[in-house]
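> Fold the stuff below for me.
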Amino acid sequence: MSTTASTSGNQGGAGGSALLDGAYRKATWRLIPFIFVCYLFNYLDRVNVGFAKLEMLDALQLSETVYGLGAGIFFIGYVTFGVPSNLILHRLGARRWIAIMMMAWGALSACMLFVTTPTEFYVLRFFTGVAEAGFFPGMVLYFTKWFPSHKRGQVMALFMSAIPVSGLIGGPLSGWMLSHFAHGQGGMDGWQWLFLLQGLPTVFLGVAVFFYLNDGIAQAAWLTQEEKAAMQDALDQDEQQRSKGVHAVHSFGAVLRDWHVWMLGFIYFSIQMGVYAINFWLPSIIKSLGFEDATTVGWLSAIPYLFAGVFMVLVGRSADRRRERRWHLSAPLLMALVGLLLAANFSNNAVIVLVGLSLATMGALTGLPMFWPLPAAFLGSAAAAGGLALINSMGQVAGFVSPFLVGWIKDVTGSTDVALYILSTVLFIGAMLVLVVPARLVNR
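Numbers count the residues shown, from 1 in each chain. Down below sits the predicted model:
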């Protein structure tokens with residue numbers, strides 16, 4: 001009997017289960033920490049723009065609206081090239097394409113130090129968005145080649161905990177850089193050093209990706225033949241189960257015609273509206289509470305991300321253990337809504353605002369990993385590359401709308417409160433739409 005057949009036949013037994021569990025542990029420890037670091041630097045690029053704003057606007061004489069537009073233009077490039085980039089990854093392989101993307105966006109992010117005009121700001125942010133476009137949906141697709149549906153909640157939570165960790169580390173680090181380089185060392189301002197020192201490491205990580213990652217199970221020399229066979233068999237069974245589902249989608253054309261996909265795209269848009277408002281405006285909101293020192297702003301901005309990182313992992317484990325997806329997404333979104341309302345209604349009370357921002361960050365960021373098992377649960381392998389990228393691109397439209405909306409409202413009203421009310425409404429709609437998704441499709 002062949003190795004594959006014997007391993008497959010033992011899946012129900014203790015030996016086969018132990019073999020598969022050991023293979024998953026090995027894959028998790030091999031892949032997740034490294035990919036986590038890559039995503040950490042991906043998100044540091046988002047965090048450092050928010051901190052650079054504290055000095056950059058005065059240095060270049062930019063308005064809040066210009067900053068919001070520049071921050072948002074990144075996502076025009078991101079959305080435009082999201083689907084093509086993921087299709088290239090599907091053909092070229094994850095290792096090569098992710099390496100190319102990381103080296104490109106790291107170099108472009110570092111080049112932000114040369115910006116002197118709004119036009120230069122817009123152009124660089126646009127092309128940075130183009131370079132980053134395929135990274136996240138590519139990682140979601142990459143995990144489908146290693147882990148079956150019932151394992152992806154926790155895997156996604158571990159991977160996406162890089163977002164709160166980037167805030168936890170990036171906030172104090174960015175604040176320290178602004179303070180340390182405030183005296184113009186090397187002829188550059190603190191915000192210029194910020195872009196340089198947080199962009200170059202991404203280039204080196206991109207080189208490391210080329211040598212470290214494998215494109216799939218078959219190329220993983222660190223797995224035994226029995227482990228490879230067991231993991232592949234589990235993926236094949238997961239695909240068969242999905243194919244028998246009531247609503248399996250197996251081609252990109254079917255994806256475009258399916259209303260569930262467009263609804264999921266709006267749900268992801270609603271989540272990202274909250275996430276990007278927090279990413280780009282958290283330092284400014286904290287500074288408006290009366291904290292002028294950049295280092296203090298950095299440490300205070302780390303508090304919401306600390307709680308979000310712990311909460312995200314706990315909810316991910318709970319979702320996988322209970323095989324329940326909808327409420328594990330909807331409830332955090334409602335929590336984010338409550339947090340934003342607290343921050344808006346008690347804007348003169350620093351403690352309550354920080355509590356509200358912490359709740360909002362915990363809920364919105366936890367919504368990200370809890371969302372992705374939903375589309376992956378009913379998109380067949382043939383539709384996954386384009387479908388996941390399409391949903392991600394729809395959600396990333398919020399990356400343009402959210403910072404521009406908040407910046408424009410702040411310029412007009414002098415406060416972010418109205419913007420927080422609007423974001424709360426969008427989150428509520430998204431939370432309700434989650435419950436429209438049939439439980440039978442996603443609770444696996």
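> Can you tell me the SS state at Leu300?
Of the three states, Leu300 takes helix under DSSP: H, G, I helix; E, B strand; the rest coil.
> hey, which helix or strand in this protein has the poorest pLDDT?
Using mean pLDDT, DSSP states H and E, helix 3-9 stands out as the lowest-scoring helix or strand of the chain, at a mean of 41.
> Give the next helix or strand downstream of that one.
helix 14-60 (DSSP states H and E).
> Check the offset of that following helix from the chain's centre.
9 Å (CA atoms, centre = their mean, to the nearest Å).
> Over to stretch 302-311?
Using CA atoms, centre = their mean, the offset of stretch 302-311 from its chain centre is 15 Å.
> So what touches that stretch?
161, 163-169, 171-172, 278, 282, 332, 354, 357-358, 360-362, 365-366 (CB atoms under 8 Å, 6 or more residues apart in numbering). No exception for glycine: its C-beta is placed from N, CA and C like everyone else's.
> These, buried ones only, as a ChimeraX selection?
Here is the ChimeraX command that selects the buried residues among those (16 or more other CB atoms under 10 Å):
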select :161,163,164,165,166,167,168,169,171,172,278,282,332,354,357,358,360,361,362,365,366
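> Please flag which of the contacts of stretch 302-311 sit within strands.
Using DSSP state E, no member of those sits in strands.
> after the helix or strand harbouring Val401, next one along is what?
Using DSSP H and E, Val401 sits within helix 381-413. Next helix or strand after helix 381-413 toward the C-terminus (DSSP H and E): helix 417-434.
> What's the mean pLDDT across that next one?
Helix 417-434 shows a mean pLDDT of 87.
> Could you check how far it is from the centre of its chain?
19 Å.
> Could you check the angle the helix holding Val401 makes with helix 14-60?
30 degrees (axes from the mean of the first three to the mean of the last three CA atoms, to 10 degrees).
> buried set for helix 381-413?
Buried, per 16+ other CB under 10 Å, within helix 381-413: 383-410.
> do the same with stretch 273-288
273-287.
> Ok, stretch 344-361 next?
Ala344, Ser347, Val353, Leu354, Val355, Gly356, Leu357, Ser358, Leu359, Ala360, Thr361.
> Glu292 in helix, strand or coil?
coil.
> To what extent is it buried, counted in neighbours?
Other residues within reach of Glu292, judged by other CB atoms under 10 Å, total 8.
> what's the spacing between it and Ala221?
Glu292 sits 54 Å away from Ala221 when distances are taken as CB to CB, to the nearest Å.
> still on that earlier bit, which of the buried residues of stretch 344-361 sits closest to Trp262?
Comparing the buried residues of stretch 344-361 against Trp262 with CB to CB places Ala360 closest, at 26.1 Å.
> can you tell me how far the closest one sits from Pro438?
According to CB to CB, Ala360 and Pro438 sit 29 Å apart.
> where in the stretch 101-250 of the chain is pLDDT low?
171, 184, 241-250 (pLDDT under 70).
> For it, just list every one of the helices.
Assigned helices in the stretch 101-250 of the chain, in chain order: 118-132, 135-144, 152-160, 162-180, 190-212, 225-243 (criterion: DSSP state H, counting those that start in this stretch).
> residues in contact with the second one?
Residues from elsewhere that reach helix 135-144, judged by CB under 8 Å, 6+ apart: 35, 38-39, 42, 82, 85-86, 89-90, 94, 97-98, 101-102, 105, 152, 155-156, 159, 372, 376, 381, 384-385, 388-389, 392-393.
> Select only the buried ones of those in PyMOL?
Buried residues within the contacts of helix 135-144, by 16+ other CB under 10 Å, are selected in PyMOL with:
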select buried, resi 35+38+39+42+82+85+86+89+90+94+97+98+101+102+105+152+155+156+159+372+376+384+385+388+389+392+393
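> part of a strand, is Leu62?
No. Under three-state DSSP, Leu62 falls outside any strand and is assigned coil.
> my guess is Gly106 meets Val207, correct?
No. Using CB atoms under 8 Å, Gly106 makes no contact with Val207, being 10.0 Å away.
> And those two? Which one has more around it.
Gly106 (26 against 13).
> Let me see the contact set for that one.
Phe41, Gly199, Leu200, Pro201, Thr202, Val203, Phe204, Leu205, Gly206.
> Try it again at 7 Å.
Listed by CB atoms under 7 Å, 6 or more residues apart in numbering, the contact partners of Gly106 are Gly199, Leu200, Thr202, Val203, Gly206.
> Compare these and tell me which has the most neighbours.
Going by other CB under 10 Å, Thr202 tops those with 25 neighbours.
> so that residue touches Phe41, yeah?
Yes. Assessed by CB atoms under 7 Å, Thr202 is found in contact with Phe41 at 4.6 Å.
> The residue nearest to Gly367 when sequence neighbours are not counted: which element?
Leaving aside its chain neighbours, Gly367 sits nearest to Ile271 (4.3 Å; criterion: CB to CB, 6 or more residues apart in numbering). Secondary structure from DSSP H and E places Ile271 in helix 259-288.
> Same check on Val66?
helix 64-92.
> mind listing what's buried in that helix?
Across helix 64-92, burial judged by 16+ other CB under 10 Å covers 64, 66-79, 81-83, 85-86, 88-90.
> shaky segments in the stretch 301-444 of the chain?
376-386, 441-444.
> and Phe428, what does it touch?
Leu337.
> gap between Gly68 and Ser161?
Gly68 is 27 Å from Ser161, by CB to CB.
> correction: Leu113
Using CB to CB, we find Leu113 at a distance of 29 Å from Ser161.
> would a markdown table of the contacts of Gly106 with distance to Met139 be doable?
Shown next, in a markdown table, are the contacts of Gly106 (distance: CB to CB, whole Å):
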| residue | distance to Met139 |
| --- | --- |
| Gly199 | 20 |
| Leu200 | 22 |
| Thr202 | 15 |
| Val203 | 19 |
| Gly206 | 14 |
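> coming back round to it: which of the buried residues of stretch 273-288 scores worst on pLDDT?
Scoring the buried residues of stretch 273-288 by pLDDT puts Phe280 last, at 66.
> In contact with Ala110, which residues?
Phe195, Leu196, Gly199, Leu200.
> Mind doing that once more with 10 Å?
Asp45, Gln192, Phe195, Leu196, Leu197, Gln198, Gly199, Leu200, Pro201, Thr202, Val203 (CB atoms under 10 Å, 6 or more residues apart in numbering).
> Lovely, talk soon.
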